[in-house]
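[1] Would you be able to build a 3D model of this:
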Amino acid sequence: MKLNTTILEMTDAYLHQSFYQSNEKLNIIDCRDIEGTRCYLDDVAKEELIKRISNEPADGIHFIDSGNYHYLTLLWLSKIDVDFNLVLFDHHPDDQPPSFGMITSCGGWVLEAKETLPHLKNVYTFGVGDMPDISDIPTDLPLYISIDKDVLSTDYAITDWDQGTMTLPEMKEILEKIFSAHEIYGVDICGDSGEMAENGAPINNQTNATLFDFLSQKK
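    Got it, this is the predicted structure:
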């Protein structure tokens, strides 16, 4: 897959990490000045975020900060103009109806994607309930992979949400099987900690480095 890498800074999380600093093909987009983004995305903020990533392709690797901003995946998916399936690693389904209005949220972006993106055909989630059988994911469509590190145990990530029990080796094993059988369009990773950015940095930096190295080696 392409080595284009984008980091969206929504909090100070990445200021305390170093995993990306040797990457010459990295584009850092500082979005910390945009109001109306934490957990819920208001229309004005949404328009500004779309503007700031307008020149960034959906393929490649995207780091999108805390799980409070997992809805950023929706903005990347909206750029895909071919039919595709979504593979989601998450401790939460993120398919809840909005609490008010039709506002985009970190807890409802998957439902919004299903309802509004005609090219998205199916979502396969690892980390909530029974995990899908990888052999049941059809190989005729490319995959976009979205990883929320809250699916991992606290040995491998410090996030702003309650966490699952998956280990990083288990995640890599699943990813290896997916990559070996499917065309991958792009990947994004969230689940850093904006609230405990400095304290969570050592663990999150190591996991981000491991995932980044793994993904960068894939074709």
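[2] Between the two ends of stretch 107-127, how far is it?
    Distance between the two ends of stretch 107-127: 15 Å, counting by CA to CA, to the nearest Å.
[3] longest helix in this protein, by residue count?
    Of all segments of type helix in the chain, defined using DSSP state H, the longest is helix 197-216.
[4] what are the ranges of the helices in the chain?
    Using DSSP H, helices in the chain cover 43-52, 72-77, 109-116, 168-181, 197-216.
[5] Please put the alpha-carbon coordinates of stretch 179-188 into CSV.
    Taking C-alpha atoms only, stretch 179-188 is exported to CSV below (Å, rounded to 0.1, in the frame of the first residue of the first chain):
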residue,chain,number,x,y,z
PHE,A,179,-3.5,-8.3,4.0
SER,A,180,-2.5,-11.7,2.6
ALA,A,181,-5.9,-12.2,1.0
HIS,A,182,-7.3,-8.7,0.3
GLU,A,183,-6.5,-5.5,-1.5
ILE,A,184,-6.2,-2.7,1.1
TYR,A,185,-7.3,0.7,0.1
GLY,A,186,-6.2,2.6,3.2
VAL,A,187,-5.8,2.4,7.0
ASP,A,188,-6.5,4.8,9.9
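[6] Which residues belonging to it are considered buried?
    Using 16 or more other CB atoms under 10 Å as the test for burial, stretch 179-188 gives 179, 182, 184, 185, 186, 187, 188. From N, CA and C alone the C-beta is placed, and that goes for glycine too.
[7] same question, stretch 81-96
    Neighbour counts using 16+ other CB under 10 Å place 84, 85, 86, 87, 88, 89, 90, 91, 92, 93, 94, 95 of stretch 81-96 among the buried residues.
[8] between the longest helix of the chain and helix 168-181, what angle do the directions make?
    30 degrees (axes from the mean of the first three to the mean of the last three CA atoms, to 10 degrees).
[9] Which strands and helices lie in contact with helix 197-216?
    strand 60-63, helix 168-181, strand 184-190 (3 or more CB pairs under 8 Å, 6 or more residues apart in numbering; DSSP states H and E).
[10] still on that earlier bit, closest to residue 130 out of the helices of the chain?
    Of all the helices of the chain, the one in closest proximity to residue 130, counting by CB to CB, is helix 168-181 (14.0 Å).
[11] about what we covered before: for the buried residues of stretch 179-188, which one is nearest residue 47?
    Using CB to CB, the buried residues of stretch 179-188 come closest to residue 47 at residue 188, 20.2 Å.
[12] Which strand residues bridge the nearest residue to the closest one once chain neighbours are set aside?
    Counting by CB to CB, 6 or more residues apart in numbering, residue 188 lies nearest to residue 62, which is 3.9 Å off, once chain neighbours are set aside. Note on residue 62: beta-bridge partners residue 6, residue 188, judged by DSSP bridges.
[13] Deepest in the core, which of the helices of the chain is it.
    Most buried of these by mean neighbour count (mean count of other CB atoms under 10 Å) is helix 72-77; its value is a mean of 24.
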